[in-house]
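# Sequence first, then the predicted structure, then my questions.
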Amino acid sequence: MQIPAKTFIVALISGVTFALTATPAHATAPVEDFSAPAAVAPLANISQTLDTSDADSVEVLDAMLQTSSAGSTPAGFDVESAIAAAEEEVGTSRPTGWSQPGECIMSAQRWIKAGGGAWNGSGNPVSNYEGATRLSVEDAQPGDIIQYEHLASPTSWVTGVHTLMITGVNDDGTFEIIESNNPGGSGLVSKDDNWTPKPPEGFQAVAWRF
């Protein structure tokens, strides 16, 4: 059966457009065995997802990248409920890939929202935290989100980006955490009671509080 030329061309253009414009909902950090994410851009192909050609966009990005000294400011949601929601998922797994529930940032969003947190941002590893307070990892408290971001291009989803939730702070300075999709591609929710940040080379770990 012959396909009308117009129908074929429209389908072809649609497929190419989707492939070129799709940006990953999440990528993972190979230093902690995040080796198989489908939605990751290589470091050699970093793409900005925030339009930095506009002065207002640059100003917004600069403001969001400023670390606050207000580490004692309490979270604006029910932290215990958020942690309880995460605890219930430990040992389970979910699909990974484009905006799938097993991705680490999608899981963290789900847990924060379970506690009534206003996680309404989206788009990239910085704009996702619109409305949250950016803190140093040393100031992190239960309910805070740790985000690995690329130093040279913090708004890019590249291999090495990872997201997790702090559930406790130990006396020795280590953290209790719950994370998803470690190892990469597994969608597995797991817990670590003695965690320290280990971002890949060229990345940093920052804390966000909603």
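Alright, I've got the coordinates.

# drop to CA atoms for contacts and neighbour counts, all remaining ones
Will do.

# Reduced to three states, what does Ile146 come out as?
strand (DSSP: H, G, I helix; E, B strand; the rest coil).

# List the beta-bridge partners for it.
Per DSSP bridges, the residues bridged to Ile146 are Leu164, Ala207.

# residues touching it, list them.
By CA atoms under 8 Å, 6 or more residues apart in numbering, the contact list for Ile146 reads Val137, Thr163, Leu164, Met165, Ile166, Ala205, Val206, Ala207, Trp208.

# Turn those residues into CSV, columns for pLDDT and neighbour count.
Listed next are the contacts of Ile146 as CSV, based on pLDDT from 0 to 100; neighbours: other CA atoms under 10 Å:
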residue, pLDDT, neighbour count
Val137, 96, 19
Thr163, 98, 28
Leu164, 98, 23
Met165, 98, 32
Ile166, 98, 23
Ala205, 98, 20
Val206, 97, 22
Ala207, 98, 25
Trp208, 98, 26
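
# Among these, which one sits closest to Glu130?
Trp208 (9.9 Å; CA to CA).

# pLDDT score for the nearest residue to the closest one once chain neighbours are set aside?
Spatial nearest neighbour of Trp208, excluding adjacent residues (CA to CA, 6 or more residues apart in numbering): Arg134 at 4.7 Å. At Arg134, the model reports a pLDDT of 96.

# neighbours of Gln109, just the number please.
A count of neighbours around Gln109, defined by other CA atoms under 10 Å, yields 22.

# pLDDT of the host helix or strand of it, averaged?
Using DSSP states H and E, Gln109 sits within helix 104-114. The average pLDDT within helix 104-114 is 98.

# what residues does it touch?
25-26, 28, 77, 79, 81-83, 85-86, 99-101, 118-119, 143, 145, 162-165, 179-181, 187.

# Beyond it, next helix or strand please.
Criterion used, DSSP H and E; the element after helix 104-114 is strand 133-135.

# sorry, back to before: what's the distance between the residue nearest to Trp208 and Thr167?
17 Å (CA to CA, to the nearest Å).

# which one of those two has more residues nearby?
Using other CA under 10 Å as the criterion, Arg134 and Thr167 rank with Arg134 on top: 28 against 25.

# Wait, the more buried one touches Arg209, no?
Yes: using CA atoms under 8 Å, Arg134 is in contact with Arg209, at 6.6 Å.

# if we can go back for a sec, among the contacts of helix 104-114, which ones are buried?
25-26, 28, 77, 79, 81-83, 85-86, 100-101, 118-119, 143, 145, 162-165, 179-181, 187 (16 or more other CA atoms under 10 Å).

# thinking again about what came up before, how about the helix holding Gln109 as PDB, C-alpha atoms only?
Below are the C-alpha coordinates for helix 104-114, written out as PDB (Å, rounded to 0.1, in the frame of the first residue of the first chain):
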ATOM      1  CA  CYS A 104      15.300   9.900  41.100                       C
ATOM      2  CA  ILE A 105      14.000  13.400  40.700                       C
ATOM      3  CA  MET A 106      10.500  12.200  40.000                       C
ATOM      4  CA  SER A 107      10.600  10.100  43.200                       C
ATOM      5  CA  ALA A 108      11.900  12.900  45.300                       C
ATOM      6  CA  GLN A 109       9.100  15.200  44.000                       C
ATOM      7  CA  ARG A 110       6.600  12.500  44.900                       C
ATOM      8  CA  TRP A 111       7.800  12.200  48.400                       C
ATOM      9  CA  ILE A 112       8.000  16.000  49.000                       C
ATOM     10  CA  LYS A 113       4.500  16.500  47.600                       C
ATOM     11  CA  ALA A 114       3.200  13.600  49.900                       C
END
